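# The sequence and its predicted three-dimensional model are supplied below.
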Amino acid sequence: MSCPSSSDNVFGPRVLEGCRPFDFTLLFEDAIFAVLPAGMFLLLAACRLPSLIRAPIKVTSHRLATWKLGALVVLLIFQLVNLAFQRQIPLLHTQASLAASILQLLAVAAAALLSWLEDQRSVRPSDLMVLYFFVATILAIPRARTLWLLSPAVKVQAILWTFVTIATACVLCLESIHKTQLLRLAYRQSSKEHTSSFWVRSFFIWVLPLFQSGYTSILALHDMPEVDHDLQGESAENRLHRAWSKSQHIRKYKLVRVTFRAYLWPFVSAVVPRLCLTAFKFCQPFLISATINFLSDASTAENPYYGPSLVGAFVLTYLGMAVSTAAYWRQTFRFNTTIRAGLISLIYRQTNKMNAAEFKQESSITLMGTDVERIVRHFWSIHEAWAGPVDVAIGVFLLARQLGITSLIPAVISIIVVLATIPVSKSPAQPKNGGSNGFRRA
């Protein structure tokens, strides 16, 4: 089978077998592997820069920042040389090749500025930098493979892109280095979780020293790690109190609305990991289907690239599931812990303002214990409330591709079961002596 001249200038995503065995098209790689991550990084970096500019300097040395900046400069030089050679080879020209190269150059230039500010004004490695260069490293590998599989005319381009991939991996390693020893004394008391990198937090590596101490000795109070500042009662209470004071006009569901307004970022931060978890979960049926086809079809079994590609896809899928699950539940736990700390601290402040005679009628201890725990318990599955219907809708869509209209039957049964298990709300009886309602009005 011959390879048409325009076979790489279509979205694909898979190129014709006559061109390269089991490979993506160049246009697909330019659009999805370059334009999409670089564009998202530039957008998020623009949102992150203002807060970093206003933050104070937290480190005592520029040594680590200089190494990071040097690695980014080397990466930028490799990408510039790669762009110069790419413009001279018509075989590599696609509808998105120039945009992809320019966006990647802008992303590295923005990363240089962001890296310097993050190193000087943040107590931990930048999650945005780590995630972007991790994704960029992973996506640069298939691009390098494509260039090596092309004609010998692009061998220099393949070598240059290999250097780009190696430089990107080096930047990732440098951006993941902790800087606890370089922090000023005022910031060295931060919790281990707060100063850890994205990978240490995602795999809960920062908890291992505590587990080791617990297995070898009896834990004491001084062995417990410092609690993150955002989870402490003072910080959580101040945010909730400010939101409450600005919401005097709200009459209906005031506590719920004020709580979400005060802790909006802890709530929103779990949305993206939950969506990633959904995406990785639904990758499994496609991988299983591809594996069955690989084992049953002789033509795919003879392809030397198909099997290793499936193994890599399984590794990336389950690694993504592990990381997204950890990030999702970590942010969910932080959201619930912040709510508990804020409510209990606010109730405690209000209790201190009460007269001694009011304690005979007010049940503040009940509010601080039972009522707060009941509120927090209902927030554990708050993200599942919107993610569950999304998962069901995607599952029904995938079933409809295989079974047609009959796929609606399990969906209808599920909806009926959910409606049948919803408890019927009853109006609570009014307490005779006011109970804890007087405290709530206070």
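Right, received. Where do you want to start? All figures in this text were calculated on a predicted structure; none of them were measured in a lab. Numbering: from 1, shown residues only.
# Might you calculate how far stretch 133-142 sits from the centre of the chain?
17 Å (CA atoms, centre = their mean, to the nearest Å).
# If you could redo that for stretch 289-308, that was the one I meant.
Computed by CA atoms, centre = their mean, the chain-centroid distance of stretch 289-308 equals 33 Å.
# any idea how this protein splits into domains?
The chain breaks down by automatic domain parsing into domains covering 1-214, 231-380, 382-419.
# which of the ones you listed is buried the deepest?
domain 1-214 (a mean of 17; mean count of other CB atoms under 10 Å). Every C-beta, even on glycine, is put in place using the N, C-alpha and C of the backbone.
# for it, the distance to its chain's centre please.
Counting by CA atoms, centre = their mean, domain 1-214 comes out at 16 Å from the chain centroid.
# check contacts around residue 27.
When contacts are counted by CB atoms under 8 Å, 6 or more residues apart in numbering, residue 27 touches 8-12, 94-96.
# element containing it?
Per DSSP states H and E, residue 27 falls inside helix 26-28.
# For residue 276, see how far away residue 325 is.
Using CB to CB, to the nearest Å, residue 325 is found at 9 Å from residue 276.
# Rounded mean pLDDT for the helix holding residue 27, please.
Here helix 26-28 scores 93 as its mean pLDDT.
# which is the next helix or strand following that helix?
Immediately after helix 26-28, counting by DSSP H and E, sits helix 36-54.
# Now that next one - C-alpha only, CSV.
What follows is helix 36-54, C-alpha atoms only, in CSV (Å, rounded to 0.1, in the frame of the first residue of the first chain):
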residue,chain,number,x,y,z
LEU,A,36,-3.8,21.7,23.6
PRO,A,37,-1.4,21.3,26.6
ALA,A,38,0.6,24.4,25.7
GLY,A,39,-2.5,26.5,25.4
MET,A,40,-3.9,25.3,28.7
PHE,A,41,-0.6,25.9,30.4
LEU,A,42,-0.4,29.5,29.1
LEU,A,43,-4.0,30.1,30.3
LEU,A,44,-3.4,28.7,33.8
ALA,A,45,0.0,30.4,34.1
ALA,A,46,-1.6,33.8,33.4
CYS,A,47,-4.0,33.1,36.2
ARG,A,48,-1.2,32.1,38.6
LEU,A,49,1.3,34.9,37.9
PRO,A,50,-0.7,37.8,39.7
SER,A,51,-0.8,36.0,43.0
LEU,A,52,2.9,35.1,42.8
ILE,A,53,3.9,38.7,42.1
ARG,A,54,2.1,39.9,45.2
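# Need the contact partners of it.
For helix 36-54, the external contacting residues (CB under 8 Å, 6+ apart) are 100, 103-104, 106-107, 110-111, 113-114, 117-118, 121-122, 128, 132, 135-136, 139.
# Distance check, the nearest residue to residue 119 once chain neighbours are set aside against residue 48.
Spatial nearest neighbour of residue 119, excluding adjacent residues (CB to CB, 6 or more residues apart in numbering): residue 65 at 3.9 Å. Per CB to CB, residue 65 is found 16 Å from residue 48.
# what residue lies at the spatial centre of the protein?
With distances taken as CA atoms, centre = their mean, residue 273 lies nearest the centre of the chain, 4.7 Å away.
# What helix or strand is it located in?
Following DSSP H and E, one finds residue 273 within helix 271-296.
# Run through the neighbouring helices and strands of that helix.
helix 298-301, helix 306-352, helix 382-403 (3 or more CB pairs under 8 Å, 6 or more residues apart in numbering; DSSP states H and E).
# Any chance of TSV for those, columns distance to residue 155?
Listed next are the helices and strands packed on helix 271-296 as TSV, based on distance: least, CB to CB, whole Å:
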stretch	distance to residue 155
helix 298-301	29
helix 306-352	23
helix 382-403	42
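# so which of these gets nearest residue 178?
helix 306-352 (18.1 Å; CB to CB).
# Quick check: which helices or strands does the closest one pack against?
Using 3+ CB pairs under 8 Å, 6+ apart: helix 306-352 touches helix 198-202, helix 233-245, helix 254-262, helix 264-268, helix 271-296, helix 364-366, helix 372-379, helix 382-403.
# so the longest one versus helix 306-352, what angle?
Regarding helix 271-296 and helix 306-352, their directions subtend 160 degrees when assessed with axes from the mean of the first three to the mean of the last three CA atoms, to 10 degrees.
# does the closest residue in space to residue 197 that isn't next to it in sequence count as helix, strand or coil?
Nearest non-adjacent residue to residue 197, counting by CB to CB, 6+ apart: residue 125, 4.3 Å away. Following DSSP: H, G, I helix; E, B strand; the rest coil, we place residue 125 in the coil state.
# Can you give me the pLDDT of residue 125?
Residue 125 carries a pLDDT value of 93.
# List the contacts of it.
118, 175-179, 197-198.
# so which pair among the residues you listed is furthest apart in space?
Greatest spatial distance among those (CB to CB): 179 and 198, at 14.0 Å.
# Just list what the helix or strand where residue 145 lies packs against, helices and strands only.
Using DSSP H and E, residue 145 maps to helix 127-149. Counting contacts by 3+ CB pairs under 8 Å, 6+ apart, helix 127-149 packs against helix 36-54, helix 97-121, helix 155-175, helix 198-202.
# Export the helix or strand just after the first one to CSV, keeping only CA atoms.
Just to be clear, that refers to helix 36-54. The first helix or strand that comes after helix 36-54 along the chain, using DSSP H and E, is helix 63-86. Extracted C-alpha coordinates of helix 63-86, given in CSV (Å, rounded to 0.1, in the frame of the first residue of the first chain):
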residue,chain,number,x,y,z
ARG,A,63,20.8,28.4,43.4
LEU,A,64,17.9,26.0,42.6
ALA,A,65,16.1,28.7,40.6
THR,A,66,19.2,29.3,38.6
TRP,A,67,19.5,25.6,37.7
LYS,A,68,15.8,25.5,36.7
LEU,A,69,16.2,28.6,34.6
GLY,A,70,19.3,27.2,32.9
ALA,A,71,17.4,23.9,32.0
LEU,A,72,14.5,25.9,30.6
VAL,A,73,16.9,28.1,28.5
VAL,A,74,18.5,24.9,27.1
LEU,A,75,15.0,23.5,26.3
LEU,A,76,14.1,26.8,24.6
ILE,A,77,17.2,26.7,22.4
PHE,A,78,16.5,23.2,21.3
GLN,A,79,12.9,24.1,20.4
LEU,A,80,14.1,27.1,18.4
VAL,A,81,16.6,25.0,16.5
ASN,A,82,13.9,22.4,16.0
LEU,A,83,11.5,25.0,14.6
ALA,A,84,14.2,26.3,12.2
PHE,A,85,14.8,22.8,10.8
GLN,A,86,11.1,22.0,10.7
